[in-house]
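J.: pasted the sequence and its predicted model underneath.
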Amino acid sequence: MKEFMVWNSSLTVYVDKIDDQHKELFRKMNEFMNAVVAGKGKQELRDFAGFAVDYTDFHFRDEEALMLKHNYPGYDAQKKAHDYFRNEITQMKGRVDIGEVTSEMVISVVQKMGDWLLEHIRRMDTEMGKYVKNRL
């Protein structure tokens, strides 16, 4: 499987549970991107959308609980970013569920989700990780 989204040490948050979850998100994104390249993006989008909604909710709940446990001062900004992304992927899944799947939508999902994840991890999660790591 080709890796379109590559995990590297700059994305590490130094909380194993969260790093493992991020790696799983990358793995599933790469799996979906490979399906897109193989011409199967439309067919795979329903499964990917379901995974994205369920797994990001699970992941965000874990991150939010960790931040609250350690009184992370950036919690409100993180929660706001998480809620935004939850809303985006829930809307996307809703469109998929009613059959509104187009090639443009598949490309948009790949771009938006990939870009958001990378930016969020680099900008927000690494800061949270540094804070939490110093309290473990």
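T.: Cool, the structure landed.
J.: so what's the closest residue to Y131 other than its chain neighbours up against?
T.: Spatial nearest neighbour of Y131, excluding adjacent residues (Cβ to Cβ, 6 or more residues apart in numbering): Y72 at 5.5 Å. All C-beta atoms are positioned from the backbone trio N, CA, C, and that covers glycine. Under the criterion of Cβ atoms under 8 Å, 6 or more residues apart in numbering, the neighbours of Y72 are 66, 78, 128, 131-132.
J.: most neighbours, which of those residues?
T.: Taking other Cβ atoms under 10 Å as the neighbour criterion, M128 ranks highest of those with 24 neighbours.
J.: sticking with that residue, tell me its helix or strand.
T.: Here M128 is covered by helix 126-133, with elements defined by DSSP states H and E.
J.: hey, C-alpha coordinates of whichever helix or strand V106 is part of in PDB?
T.: Using DSSP H and E, V106 sits in helix 103-120. The C-alpha trace of helix 103-120 is given here as PDB (Å, rounded to 0.1, in the frame of the first residue of the first chain):
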ATOM      1  CA  SER A 103     -15.900  12.200  -7.800                       C
ATOM      2  CA  GLU A 104     -15.500  15.800  -6.600                       C
ATOM      3  CA  MET A 105     -16.800  14.900  -3.200                       C
ATOM      4  CA  VAL A 106     -14.300  12.000  -3.000                       C
ATOM      5  CA  ILE A 107     -11.400  14.400  -3.800                       C
ATOM      6  CA  SER A 108     -12.700  17.000  -1.400                       C
ATOM      7  CA  VAL A 109     -12.800  14.400   1.400                       C
ATOM      8  CA  VAL A 110      -9.300  13.300   0.700                       C
ATOM      9  CA  GLN A 111      -8.000  16.900   0.600                       C
ATOM     10  CA  LYS A 112     -10.000  18.400   3.500                       C
ATOM     11  CA  MET A 113      -9.600  15.500   5.900                       C
ATOM     12  CA  GLY A 114      -5.900  15.000   5.100                       C
ATOM     13  CA  ASP A 115      -5.100  18.700   5.400                       C
ATOM     14  CA  TRP A 116      -7.100  19.100   8.600                       C
ATOM     15  CA  LEU A 117      -5.600  16.200  10.300                       C
ATOM     16  CA  LEU A 118      -2.000  17.200   9.500                       C
ATOM     17  CA  GLU A 119      -2.500  20.800  10.400                       C
ATOM     18  CA  HIS A 120      -4.400  20.000  13.600                       C
END
